[in-house]
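Trainee: Need a 3D model of the following:
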Amino acid sequence: MSQHGGHRRRPRTPGPPVRSIRSFKSGEQYLEAMKEDLAEWLRDLYGLDIDADNFLQVLETGLVLCRHANTVTEAALAFLAEAPDQAQRIPMPRAGVFCNGAAQPGTFQARDNVSNFIQWCRKEMGIQEVLMFETEDLVLRKNVKNVILCLLELGRRAWRFGVAAPTLVHLEEEIDEELRCELALPPLWLPSGAEPGEPLYMPSAILYGQDI
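Mentor: Below is the predicted model of the structure:
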C-alpha cells in the first residue's frame, strides 16, 4: 500500500452550498457543479492545485486516485479497530492499491494506476457497475460523467469511515430529509435488505429525475 495518505478528517459540517440542486436547468450544469465540488473536495483533502478546469488533467495519471484509495483504506481499517461491531455491518476495503509514483500523463504507467484504482473500487468498495468507469473514460475523456459519479459515490461511502465528504454528499442528505418530511415518511427510509442504522445516500440526480 502506498504510504502517501491524505489528511484524514472526521465528517464536518460544510459551508453553504453555492447553488441548490433544484436550480439547475440541465444535466450539463449539474455535471459541472459536481466537478467543481469534487475538485474543491480533493483540493481541501490533499492541498492540490485543482479546479473544475484542470480536474481531469490532475486525475489522469492515477496518482491522486490511488492516493485517495489508500487514504480511504487506512481510514476504514482505523474505523474497524475503533468500532468493530459497527464496522462489521458496513462494506469496507481491507487492502489498498499499488501506485507507480513516476507515472506521466498518457503513459502505460498512468493507465495502470487508473486501472488499479478502478479495480479497487469494484473489489474493495463494491461500487455498483452503473456508477463505474473504465480507464479510457478518464484518459481519453470518453465518459466523464461516470468518472464523476464514481468519485461522488466513493465520497459517500468513505464518509462512513471518517473521511471528509464532498459538499454535495452533505446536501443530498439534507434533500433526503426534506423529502422524508414532505412525504411524511419515517425518519429512516430503508430499502429492502438494508441494515438498520446504515447511512443511506441517493444521488440527487436520481431523486429529482435529472438526466445527466
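
Trainee: For the helix or strand where Asp137 lies, list every residue counted as buried.
Mentor: Asp137 belongs to helix 135-139 when assigned by DSSP states H and E. Buried residues in helix 135-139, counted by 16 or more other C-beta atoms under 10 Å: 135, 137-139. To be clear about C-beta, it is placed using only N, CA and C from the backbone, and glycine gets the same treatment.

Trainee: got it, and stretch 137-155?
Mentor: 137-139, 143, 145-155.

Trainee: quick one: contacts of it?
Mentor: 31, 34-35, 38, 41, 56, 59-60, 68, 72, 106, 110-111, 114, 121, 125, 127-128, 131-134, 136, 163, 165-166, 168-169, 203, 212 (C-beta atoms under 8 Å, 6 or more residues apart in numbering).

Trainee: circling back: could you export the buried residues of helix 135-139 to a markdown table, including columns for distance to Ala87?
Mentor: Below are the buried residues of helix 135-139 laid out as a markdown table (distance: C-beta to C-beta, whole Å):
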| residue | distance to Ala87 |
| --- | --- |
| Thr135 | 31 |
| Asp137 | 31 |
| Leu138 | 31 |
| Val139 | 35 |
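
Trainee: Let me see the ranges of the helices in this protein.
Mentor: 27-46, 55-59, 63-82, 84-87, 108-123, 135-139, 144-159, 167-182, 204-207 (DSSP state H).

Trainee: Can you tell me which of those is nearest to Ala95?
Mentor: helix 63-82 (6.6 Å; C-beta to C-beta).

Trainee: quick one: average confidence on that closest one?
Mentor: Helix 63-82 shows a mean pLDDT of 96.

Trainee: Show me which positions of it end up buried.
Mentor: 63-77, 79-80.

Trainee: got any ranges where the chain has weak pLDDT?
Mentor: For the chain, the stretches with pLDDT under 70 are 1-27, 174-180, 182-212.

Trainee: same thing but at 50, please
Mentor: The model of the chain has pLDDT under 50 over residues 1-22, 188-212.

Trainee: Pull out the buried residues from the contacts of stretch 137-155.
Mentor: Members of those classed as buried by 16+ other C-beta under 10 Å are 31, 34-35, 38, 41, 56, 59-60, 68, 72, 110-111, 114, 121, 125, 127, 131-133, 163, 165-166, 168-169, 203, 212.

Trainee: Quick one: residues contacting the residue nearest to Phe117 when sequence neighbours are not counted.
Mentor: Excluding the flanking residues, the one nearest Phe117 by C-beta to C-beta, 6 or more residues apart in numbering is Leu65, at 4.0 Å. Counting by C-beta under 8 Å, 6+ apart, Leu65 touches 59, 113-114, 117.

Trainee: That'll do, ta.
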